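Undergrad: Mind folding the following:
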Amino acid sequence: MESAVAVWVAILLGMIRLAKAAEEPSPQTVVYLDRPTRYGPAANEMTTGGILSQELARQAFLIAAREEMGLTTRDARLGDPMPTEGNNLSFAFGAKKEDRFNPPLDVLRGVPGKRELVLRHKLQGRIAPFRYRQHAEEMEQLSRTVFVEALKKAGFSGQPLPQSDAAVPEAVENLLGEMTFTSQFSALRQLHKLMSTKGSSPALTGALVRGYSSLGYLTEDYWAPSYKIFKARALLYAQRMCAANESDPVAHWHRAYALGMIGLPNDALADMQEGNQLWAAMPDANRPARPEWVDLIAAHSRYDVGKLDASKAPKSQQQLTWLLRFCCYERARSVWQARDIATRAMSLMPDCDKFCYGQCRFGPSGSYELSRQAYRWMLLLGNRLYLALKRCRTCPCR
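TA: Residues are numbered from 1 along each chain as shown. Down below sits the predicted model:
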């Protein structure tokens, strides 16, 4: 009898523990960032900062969660689903309209219509067109300080990713050298996984800068704001490299890579010059290896297409050289040259839809010819992109 009672008591206590465990929220490990409610001046956001300024703030917040607290992040603007585990109240960014060029930055949490203010921060810098480098500097600093405190105030906890000397695997470097959407996407997913397991390192962070910069340019023609997200991440990770070691020429070269691909050639050349001066001032024994792409980015930022010759570039940088040469002509609106580069590059890089789109955009006039080019582009996306996604082992759809 006593043994039977003891068994029933044990079962009852176990059921009580399970009930309590079900009532207690599981640890918060996923930070979900919703679309922004408001950011920028009242009338026309695109004239003063625009989406890229929004994303520099939003992505800095997510970097604070990933790099400074070791949390998983999801972004509604990239189509990430709302997490179902733990406390799944979303974060959102907003800004009041009382100050046209320097609105206070708000971090909100909760469902739309019932969001609570977690943080209100007065920005130091002025939000204005083409001040993305200055804005990135401030946002990157917030990602290590104010945004971390906001996450802790919201109930999240965690530790920064450990620092390491992890190198970029050769397979990932090969993917970064392939200028296609799927290759860059796969490389970035592998790099983030490496950082979460092995810790952050200058080599891995630099690879993220290059991957996000290339992906941002490759997806400029997509009807979605995702390319702004990729460009913001590239610039923020580059700024993290510079903030970690201002005297490191490699950090300045990577920031020049990001600025050049974003479309800020003057800022890119300034960083390139600073990196070259730091490198030249170092003793020979302490000089880091000069990346093969440094001179290519410098030529691209100067629109010196004569030095963007793929036949003379290192094999690992030939696809980047084609892309940079096309970028120069595209941004200069040089129709005939852009069409010629797109046609020649397509025969060598058929999986790069950037060149196929370039043929449509700069192709022959006339509705019939344009329709033919557009049809060819759709066939490319249907026949090649689907197969490439199936081969991508890190694709979420697998």
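
Undergrad: Show me what counts as buried in stretch 248-265.
TA: By neighbour count on 16 or more other CB atoms under 10 Å, the buried set for stretch 248-265 is 248-265. Any C-beta I mention is one placed from the backbone N, CA and C, and that applies to glycine too.

Undergrad: Outline the domain layout of the chain.
TA: 30-153, 170-391 (automatic domain parsing).

Undergrad: Quick check: mean pLDDT of stretch 359-373?
TA: What stretch 359-373 shows for mean pLDDT is 64.

Undergrad: Number the chain from 29, please
TA: Got it, the first residue is 29 from now on, which makes the last one we talked about stretch 387-401.

Undergrad: how close does residue 183 get to residue 280?
TA: 38 Å (CB to CB, to the nearest Å).

Undergrad: ditto for residue 137
TA: Here residue 137 is placed at a distance of 37 Å from residue 280 (CB to CB).

Undergrad: and the gap between residue 94 and residue 371?
TA: 41 Å.

Undergrad: Specify which residue of these two has the higher count of neighbours.
TA: Legend: neighbour count by other CB atoms under 10 Å for residue 94 and residue 371, higher for residue 94 (21 against 14).

Undergrad: For that one, give me its contacts.
TA: Taking CB atoms under 8 Å, 6 or more residues apart in numbering as the criterion, residue 94 is in contact with 100-101, 189, 220.

Undergrad: Next SSE downstream of the one helix or strand it maps to?
TA: Assessed by DSSP states H and E, residue 94 sits inside helix 78-97. Using DSSP H and E, the helix or strand that follows helix 78-97 in sequence is strand 100-103.

Undergrad: With just CA atoms, put that next one into PDB.
TA: The C-alpha trace of strand 100-103 is given here as PDB (Å, rounded to 0.1, in the frame of the first residue of the first chain):
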ATOM      1  CA  THR A 100      19.900  33.300 -33.800                       C
ATOM      2  CA  THR A 101      18.400  36.100 -35.900                       C
ATOM      3  CA  ARG A 102      15.600  36.300 -38.400                       C
ATOM      4  CA  ASP A 103      14.600  39.200 -40.700                       C
END
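
Undergrad: Just after that strand, pick out the following helix or strand.
TA: Using DSSP H and E, the helix or strand that follows strand 100-103 towards the C-terminus is strand 119-123.

Undergrad: Give me the contact list for the helix or strand following that following strand.
TA: Proceeding N to C from strand 119-123, the next assigned helix or strand is strand 132-137, under DSSP H and E. Here strand 132-137 makes contact (CB under 8 Å, 6+ apart) with 65, 67, 85, 89, 117-124, 143-151, 175, 178, 182.

Undergrad: What's opposite the residue lying closest to residue 149 once chain neighbours are set aside in the beta bridge?
TA: Nearest in space to residue 149, with sequence neighbours left out and distances taken as CB to CB, 6 or more residues apart in numbering, is residue 133 at 4.8 Å. Residues in a beta bridge with residue 133, per DSSP bridges, are residue 123, residue 149.

Undergrad: where's residue 133 relative to residue 167, distance?
TA: Distance, residue 133 to residue 167, using CB to CB: 9 Å.

Undergrad: quick one on the thing from earlier: buried only: go through the contacts of strand 132-137 for me.
TA: Buried by 16+ other CB under 10 Å: 67, 85, 89, 117-123, 143, 146-147, 151, 175, 178, 182, out of those.

Undergrad: for residue 241, what are its contacts?
TA: By CB under 8 Å, 6+ apart, the neighbours of residue 241 are 258-259, 262, 285-286, 288-290.

Undergrad: Let me know the secondary structure of it.
TA: helix (DSSP: H, G, I helix; E, B strand; the rest coil).

Undergrad: Mind pulling up the pLDDT for it?
TA: On pLDDT, residue 241 comes in at 97.

Undergrad: Next, find the distance separating it from residue 311.
TA: Going from residue 241 to residue 311 by CB to CB gives 30 Å.

Undergrad: same deal with residue 272?
TA: Applying CB to CB, the value for residue 272 to residue 311 is 21 Å.

Undergrad: out of those two, which sits in the busier spot?
TA: Taking other CB under 10 Å, residue 272 and residue 311 do not tie; residue 272 has more neighbours (13 against 6).

Undergrad: ok, that one touching residue 279?
TA: Yes - using CB atoms under 8 Å, residue 272 is in contact with residue 279, at 7.2 Å.

Undergrad: quick one: common contacting residues for these two?
TA: residue 230.

Undergrad: which non-adjacent residue is nearest residue 283?
TA: Leaving aside its chain neighbours, residue 283 sits nearest to residue 266 (3.9 Å; criterion: CB to CB, 6+ apart).

Undergrad: hang on, the earlier thing: including distance to residue 334 and neighbour count, could the contacts of residue 94 go into CSV?
TA: CSV is the format used below for these (distance: CB to CB, whole Å; neighbours: other CB atoms under 10 Å):
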residue, distance to residue 334, neighbour count
100, 46, 12
101, 43, 20
189, 42, 19
220, 37, 16
